[in-house]
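fold the following.
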Amino acid sequence: MQAGESALEQAIMNFVINGCDSMPEGGLLTIATDVVRQENQECPELLKREFLCNCLLQIKTAGCQRNLSTNS
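Next up, the predicted model:
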């Protein structure tokens, strides 16, 4: 997914808000990032680069999550 700074910020905020809302009794919300390098074989306009660098974003929740299908 390609996104601008504000779109990425909004997406992360939505994940955080939804994660917190799904754990009303508390829990752990973890956000982690990493850089992933891959060989450049599929993007003709970037053939000058040997590797492409991408950001990996992981968002995890752990806690007592409520069943959203039963809430009104």
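
please, where are all the helices along the chain?
5-21 (DSSP state H).

quick one: low-confidence parts of it?
Applying pLDDT under 70 to the chain flags residues 1-3, 38-53, 65-72.

rerun that using 50 as the cut-off
72 (pLDDT under 50).

can you pull out the strands in it?
27-39, 51-63 (DSSP state E).

for residue 7, which of these is the nearest?
strand 51-63 (12.6 Å; Cβ to Cβ). Where C-beta positions appear, they are placed from N, C-alpha and C, glycine not excepted.

Provide the strand pairings for the closest one, with the direction of each partner.
Strand pairing for strand 51-63, using DSSP bridges, gives strand 27-39 (antiparallel).

list the buried ones in the strand it pairs with?
Using 16 or more other Cβ atoms under 10 Å as the test for burial, strand 27-39 gives residue 29.

quick thing: my sequence starts at 36, can you match it?
Renumbered: residue one is now 36, and that last one reads strand 62-74.

in CSV, list the C-alpha atoms belonging to that strand.
Presented in CSV, the C-alpha positions along strand 62-74 are these (Å, rounded to 0.1, in the frame of the first residue of the first chain):
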residue,chain,number,x,y,z
GLY,A,62,-5.1,-4.9,27.5
LEU,A,63,-2.0,-4.3,25.5
LEU,A,64,-1.8,-2.6,22.1
THR,A,65,1.5,-2.9,20.4
ILE,A,66,2.7,-1.0,17.4
ALA,A,67,6.0,-2.1,15.7
THR,A,68,7.8,-1.0,12.6
ASP,A,69,10.6,-2.5,10.6
VAL,A,70,12.4,-1.8,7.3
VAL,A,71,12.0,-4.6,4.7
ARG,A,72,14.4,-4.7,1.8
GLN,A,73,13.5,-6.6,-1.4
GLU,A,74,15.2,-7.0,-4.7
